[in-house]
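J.: Build me a structure from this.
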Amino acid sequence: MTVPHATSRAKPFASAYAKRRHRRRAERQIQSDYWLLLAVLGLLTIGLLMVYSATYTLGYLNYQDATYYVRRQALWALLGLVLMIALWRVDYRVWQRYTVPLMGVTLLMLVLILMTGRTVFGAQRWLLGNSVQPAELAKVTVVLYIAHWASSKGERIRHVDTGLIPFSVLVGVVCGLILLQPDFSTALLIAVTAGVMFFIAGADLLQFVVTGLIAFFTILTVATRADYRAARIETFLDPFARADTTGYQIVQTLVALASGGLVGQGLGSSRGNVGVLPASHTDVILAIVGQELGLVFTLLVLGLFLFLGYRGFRIGAGAPDAFGTILAAGITCWLLFQALLNIAVVTNTVPFTGIPLPFISYGGSSLVTSLVGVGLLLSISRARRPQEGER
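T.: A predicted model of the protein is given here:
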């Protein structure tokens, strides 16, 4: 009787061990979408750099501190990163049980701001001085709530009484409260994001079309009823004809964007825009990017946003449940649509409206909520199903 050599007996066990080790390594590799994280960190780094470049003269003139604005932005970024990492490590499905109280708190804050909020430039958007902007919180809570609500409905979402009507009431109330501040751009962003989530969740195509038409005519009515919004539309059609009045900001924005050429005038060259280009470090900071770093770097910023969108939708496609899929799609649409709307405003592709460029514009509330959204995306990526080629 021949006894097999020990090495021969060990081969099947070694092979099985190698397979298990390869499988565990593949699982670790798909636990988190580090490409998404790198894109976000790249945008955040660019944002801090551009905020400093656009505000060091302004900080010195207003506070005798050239680093005043960038230090505040860095603190908000630190807070946002801490929250992002915390949400990244928590299973995203935990938040399903908190969507109703979160939505209740958001609605309460939106009502409270109309009663006690601070008014800045004719808009009542802030609580606790200028520290908290409830409309920014609404972006997160609405996405979470609709993802939970829609995923719990299943096929019933296609019915008018259990799908279209409750959806329309919720979005209408939230957007209505935000419009009263008034904050048209945020209301529009939330409505579009919610509509896409409703469609992805399985809403009937006819319902989606009807909802879209209602939203379109509502937006058109709101945009034209207020005198200042009607003036913005007229300015959009020919800003240079009103360059000394209502078209001043967009004309200066276009001049700054165009003056950078292919490679830009260099970091810090926009200091001459202080007092010339309003909101140069907030809503129109992309014009400063174009002026100082040129078309090449501006296209890099656009590319990072598109890559973020690709990774976000990829995470949603691989989510293990409907809640994760709808939530990932909602967060991705929110960040991508906000970036595209800001870019459209800066290039005068749409009428001017104030909305920050995610991760780049100066502003704590927007930066923190954007990083919170990324944290939720990273959490979903940890639980996603392996895609083809990952095992």
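
J.: At which residues are the strands of the chain located?
T.: 118-120, 123-126 (DSSP state E).

J.: Comparing these, which yields the minimum mean pLDDT?
T.: Sorting the strands of the chain by mean pLDDT places strand 118-120 lowest, at a mean of 61.

J.: if I look at the residue minimising distance to the centre of the chain, how far off is residue 347?
T.: The centroid of the chain falls nearest to residue 335 when counting by CA atoms, centre = their mean (2.4 Å). Using CB to CB, to the nearest Å, residue 335 is found at 19 Å from residue 347. Any C-beta I mention is one placed from the backbone N, CA and C, and that applies to glycine too.

J.: Could you pull up the mean pLDDT of stretch 73-91?
T.: Computed over stretch 73-91, the average pLDDT equals 96.

J.: distance between the longest helix seen in the chain and the chain's centre?
T.: Ranked by number of residues, the top helix in the chain under DSSP state H is helix 285-317. Distance of helix 285-317 from the chain centroid (CA atoms, centre = their mean, to the nearest Å) equals 12 Å.

J.: which other helices and strands contact it?
T.: Applying 3 or more CB pairs under 8 Å, 6 or more residues apart in numbering; DSSP states H and E, we find helix 285-317 packed against helix 34-63, helix 248-259, helix 322-346, helix 364-383.

J.: quick one, which of these is nearest to residue 84?
T.: Residue 84 sits nearest to helix 364-383 of all the helices and strands packed on helix 285-317, at 3.7 Å, using CB to CB.

J.: between the longest helix of the chain and helix 34-63, how many degrees?
T.: 150 degrees (axes from the mean of the first three to the mean of the last three CA atoms, to 10 degrees).

J.: What residues sit buried inside helix 285-317?
T.: Under the neighbour-count criterion of 16 or more other CB atoms under 10 Å, helix 285-317 has 285-295, 297-298, 301, 304-305, 307-309, 311-316 buried.

J.: what residues are up against residue 55?
T.: Contacts for residue 55 (CB atoms under 8 Å, 6 or more residues apart in numbering) come out as 68, 69, 70, 281, 362.

J.: Recalculate using a threshold of 7 Å.
T.: By CB atoms under 7 Å, 6 or more residues apart in numbering, the contact list for residue 55 reads 69, 70, 281, 362.

J.: and which of those is nearest to residue 184?
T.: Among the contacts of residue 55, residue 362 lies closest to residue 184 (CB to CB), at 20.6 Å.

J.: what about that closest one, how many residues close to it?
T.: The number of residues packed near residue 362 is 26, by other CB atoms under 10 Å.

J.: Also the one 5 residues further on?
T.: Residues contacting residue 367 under the criterion other CB under 10 Å number 26.

J.: Surely it and residue 77 touch.
T.: Yes - under the criterion of CB atoms under 7 Å, residue 367 makes contact with residue 77 at 6.1 Å.

J.: about what we covered before: just want the angle from the longest helix of the chain to helix 322-346.
T.: 160 degrees.

J.: Quick check: mean pLDDT of helix 285-317?
T.: Here the average pLDDT along helix 285-317 is 94.

J.: ok, now stretch 374-381?
T.: 96.

J.: And stretch 58-67, by the same measure?
T.: Averaging pLDDT along stretch 58-67 yields 88.

J.: going forward, begin numbering at 545 instead of 1
T.: Happy to do that; since the first residue is 545 now, the last one works out to stretch 602-611.

J.: Would you work out how far apart the start and end of that stretch are?
T.: The first and final residues of stretch 602-611 sit 9 Å from each other (CA to CA, to the nearest Å).

J.: State the number of residues packed around residue 611.
T.: Using other CB under 10 Å: residue 611 sits among 14 other residues.

J.: In TSV, list the helices and strands packed on helix 829-861 along with distance to residue 688.
T.: Shown next, in TSV, are these (distance: least, CB to CB, whole Å):
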stretch	distance to residue 688
helix 578-607	19
helix 792-803	34
helix 866-890	7
helix 908-927	8
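
J.: From residue 796, how far off is residue 788?
T.: Taking CB to CB, one finds residue 788 at 11 Å from residue 796.

J.: was I right about residue 691 contacting residue 867?
T.: Yes - if you go by CB under 7 Å, residue 691 and residue 867 touch, sitting 5.5 Å apart.

J.: Fine, thanks again, bye for now.
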